[in-house]
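# this one's sequence-less:
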């Protein structure tokens with residue numbers, strides 16, 4: 001590392017959201033370019049920069065900044081130049097000259113400690129004097145936070161977030177309890193906060209550390225789908241992570257219960273410990289579903305048979321008995337679940353419901369959990385469908401520091417019917433937010449395949465709603481003649497029933513290639529993607545073919561397969577830019593997936609017709625451009641163009657191969673899947689079923705046939721600790737045994 005002191009001559013580029021800056025600085029009589037995270041740096045400032053010299057292939061020699069510190073000028077001439085640059089809001093050239101003429105080399109000291117005295121200068125009122133002092137103080141505070149966090153290895157871009165959250169008291173707040181970093185600042189985890197705390201000399205037995213650790217264990221395990229953990233399991237996991245006694249952890253649990261950060265419920269197995277948001281969400285979902293299910297809705301049953309017959313004539317089909325039942329129940333119930341596997345006519349049923357509701361003058365909102373799913377819903381219904389987030393109008397609060405859904409109890413959706421597709425993907429928090437925005441009397445119709453894998457987020461919402469018996473459920477089981485011609489549909493149902501799939505039926509769409517060794521499986525998959533499937537079916541090797549795998553770490557897992565497929569399908573080329581981030585190489589043209597919800601990031605339609613915010617977990621895109629100078633990567637998600645800062649690239653993964661879990665809500669023309677030994681918990685029936693149902697036109701399984709049979713035989717589902725069924729059943733008891741029943 002090298003340290004230089006320089007004067008900022010020009011700001012070339014700045015990202016206001018995280019402080020990433022490209023600037024020209026005067027150093028040793030030379031003008032050089034400095035790049036790095038330098039929030040609130042201004043033209044005219046003197047800065048001390050710590051970093052290293054690098055040579056950029058396009059922009060030449062640059063100083064890459066790791067740490068920086070503002071240096072206040074000391075002489076009257078330097079102070080005047082500093083102030084005249086506009087570094088302090090409210091001060092320009094004339095005012096700068098007058099301030100320095102009045103106070104000389106004490107000018108900055110006056111601004112910082114006695115700003116009211118600036119009113120002694122001609123043209124400055126007492127109000128303006130105070131504003132100048134406040135603006136100067138803000139800059140000093142942010143710089144202090146930057147320097148404080150840098151000494152503990154916390155990235156500079158978090159300093160802006162910390163300042164926005166805690167203001168000028170940030171350093172004192174962090175010193176008193178470093179664990180506020182992981183509890184209040186998005187992107188800073190417990191391990192980072194713990195490192196800061198240990199560096200500051202905080203005891204491993206400090207109660208705040210233990211409380212934060214307990215919450216971290218609950219948060220971490222919510223990533224596995226759990227809304228709670230059994231108390232004994234929570235204590236054991238916390239003991240192992242924190243290295244403290246059981247008694248100290250129990251005291252922390254009691255303290256967290258007192259301040260309502262966690263809730264403890266008595267259950268049959270012992271005690272369930274919830275983080276407050278998950279506990280409130282389960283209670284909210286149960287209560288709101290009951291209110292919707294019991295609210296009276298106008299039915300008008302007398303003409304429904306005639307209306308259904310007219311709809312059948314208009315659509316040109318004849319509904320099966322189960323489909324007719326679903327359409328009728330949609331009219332008669334406040335809440336309805338329509339579930340069924342592929343080829344059972346869920347889309348036809350939804351279209352019939354929409355026509356029936358519209359014929360009666362009801363307004364309808366259509367939504368799905370992901371962008372891909374909502375787009376497919378729009379294509380299949382011919383009606384506008386939104387993501388649930390967009391339906392609920394996610395946006396900033398008046399303070400513009402927090403995202404929230406604008407639609408809720410105080411501002412409910414102004415529609416008569418809400419239809420949600422792919423409901424199996426909806427987690428407990430999103431379902432609670434959705435139900436808050438639906439007022440009693442509005443019909444809610446949830447459509448989905450309950451036999452698919454549950455949501456990536458916490459809970460097992462659709463399955464538990466069905467199991468509770470609270471709402472009316474229609475299960476579609478009849479496979480229609482057209483669908484019977486597809487071996488994808490036939491085999492999906494065979495797998496779901498515990499029967500082995502039919503492999504390599506002539507002129508069909510479901511194939512198996514036998515390979516034993518991992519290397520041979522990988523080679524066969526590469527050949528399929530690169531040559532055979534594009535040549536025979538005309539598929540694009542990257543856009544139309546999706547490799548799905550049960551595992552991340554395996555010779556045929558996500559990481560290994562992505563490395564191989566990237567090399568073969570998008571090899572390096574002259575002029576094709578690359579970026580290494582966290583040991584992963586990204587290249588222009590790469591297929592990538594968003595792996596967490598980002599409600600803040602802005603997008604713009606490619607045709608320029610619309611702008612908005614939000615890219616969500618599971619969205620698939622393609623790297624269009626890597627800009628080293630501005631440290632951004634531009635990605636196309638269908639018709640949306642998004643610019644990511646390099647620091648946000650931890651939200652992305654290569655997506656030539658993805659896990660089956662991550663594929664939920666998406667549909668691909670072709671899926672190719674390795675069949676290779678792995679953990680039994682991953683090689684399950686519903687995982688294979690979910691993978692097969694992601695394919696629209698073709699499935700190719702590559703590997704060992706005994707693994708296919710083992711997955712079909714393994715009907716064990718991964719245990720999710722979730723209490724929604726229990727709370728729904730409690731609601732039934734409260735309402736005196738109200739029962740909508742199972743179909």
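Alright, I've got the coordinates. Everything quoted here is computed from the prediction, not taken from an experiment.

# Strands along the stretch 501-650 of the chain, start to end?
All strands of the stretch 501-650 of the chain, identified by DSSP state E, counting those that start in this stretch, fall at 510-514, 545-549, 578-581, 584-587, 591-594, 598-605, 611-615, 620-627, 632-637, 640-645.

# show me the contacts for residue 282.
Contact analysis of residue 282 by CB atoms under 8 Å, 6 or more residues apart in numbering lists 227, 274, 428, 432, 459, 722-724, 727. C-beta here means a position set from N, CA and C on the backbone, and glycine is covered the same way.

# so where's the stretch 401-550 of the chain shaky on pLDDT?
Along the stretch 401-550 of the chain, the model assigns pLDDT under 70 to residues 401-402, 481, 483.

# count of residues packed around residue 29?
Residue 29 is flanked by 5 other residues according to other CB atoms under 10 Å.

# nearest to residue 127, of the contacts of residue 282?
Nearest to residue 127 among those, counting by CB to CB, is residue 432 at 46.4 Å.

# about what we covered before: now the strands of the stretch 501-650 of the chain as TSV including mean neighbour count?
Shown next, in TSV, are those (neighbours: other CB atoms under 10 Å):
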stretch	mean neighbour count
strand 510-514	18
strand 545-549	26
strand 578-581	14
strand 584-587	18
strand 591-594	23
strand 598-605	16
strand 611-615	17
strand 620-627	18
strand 632-637	21
strand 640-645	19
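
# can you redo those strands as JSON lines with distance to residue 282?
Below are those laid out as JSON lines (distance: least, CB to CB, whole Å):
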{"stretch": "strand 510-514", "distance to residue 282": "39"}
{"stretch": "strand 545-549", "distance to residue 282": "31"}
{"stretch": "strand 578-581", "distance to residue 282": "37"}
{"stretch": "strand 584-587", "distance to residue 282": "37"}
{"stretch": "strand 591-594", "distance to residue 282": "27"}
{"stretch": "strand 598-605", "distance to residue 282": "23"}
{"stretch": "strand 611-615", "distance to residue 282": "25"}
{"stretch": "strand 620-627", "distance to residue 282": "31"}
{"stretch": "strand 632-637", "distance to residue 282": "32"}
{"stretch": "strand 640-645", "distance to residue 282": "34"}
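
# counting residues per helix, which one in this structure is longest?
The residue-count maximum for a helix in the chain (DSSP state H) belongs to helix 126-150.

# tell me the mean pLDDT over it?
In this model, helix 126-150 has a mean pLDDT of 82.

# Likewise for stretch 100-120?
Averaged across stretch 100-120, pLDDT comes to 91.

# and after the helix-or-strand element of the chain with minimal mean pLDDT, which helix or strand comes next?
Least confident element among the helices and strands of the chain, by mean pLDDT, DSSP states H and E: helix 481-484 (a mean of 69). Counting by DSSP states H and E, the next helix or strand C-terminal to helix 481-484 is helix 487-496.

# so who does residue 71 touch?
Listed by CB under 8 Å, 6+ apart, the contact set of residue 71 reads 5, 45-48.

# Same check on residue 610?
Applying CB under 8 Å, 6+ apart, the residues near residue 610 are residue 604.

# And the residue nearest the centre of this protein?
In the chain, the residue lying closest to the centroid (CA atoms, centre = their mean) is residue 597, at 1.6 Å.

# distance of that residue from residue 456?
10 Å (CB to CB, to the nearest Å).

# Where does residue 257 fall, secondary structure wise?
Per DSSP H and E, residue 257 falls inside helix 246-258.

# buried stuff in whichever helix or strand comes after that helix?
Sequence order places strand 262-267 as the next helix or strand after helix 246-258, per DSSP H and E. By 16 or more other CB atoms under 10 Å, the buried positions in strand 262-267 come out as 262-264.

# ok, now stretch 515-535?
Neighbour counts using 16+ other CB under 10 Å place 515, 518, 521-522, 524-526, 528-530, 533-534 of stretch 515-535 among the buried residues.

# same deal with stretch 675-685?
Neighbour-count burial for stretch 675-685, counted by 16+ other CB under 10 Å, picks out 675-676, 678, 682-685.

# ok, so of these, who is nearest residue 323?
Proximity of those to residue 323 (CB to CB) peaks at residue 685, which lies at 26.6 Å.

# Name all residues that make contact with the closest residue in space to the closest one that isn't next to it in sequence.
In this structure, residue 685 finds its nearest non-sequential neighbour in residue 715, 4.9 Å apart by CB to CB, 6 or more residues apart in numbering. Contact analysis of residue 715 by CB under 8 Å, 6+ apart lists 498, 684-686.

# Okay, and which of those map to helices?
Of the contacts of residue 715, the ones assigned to helices by DSSP H are 685-686.
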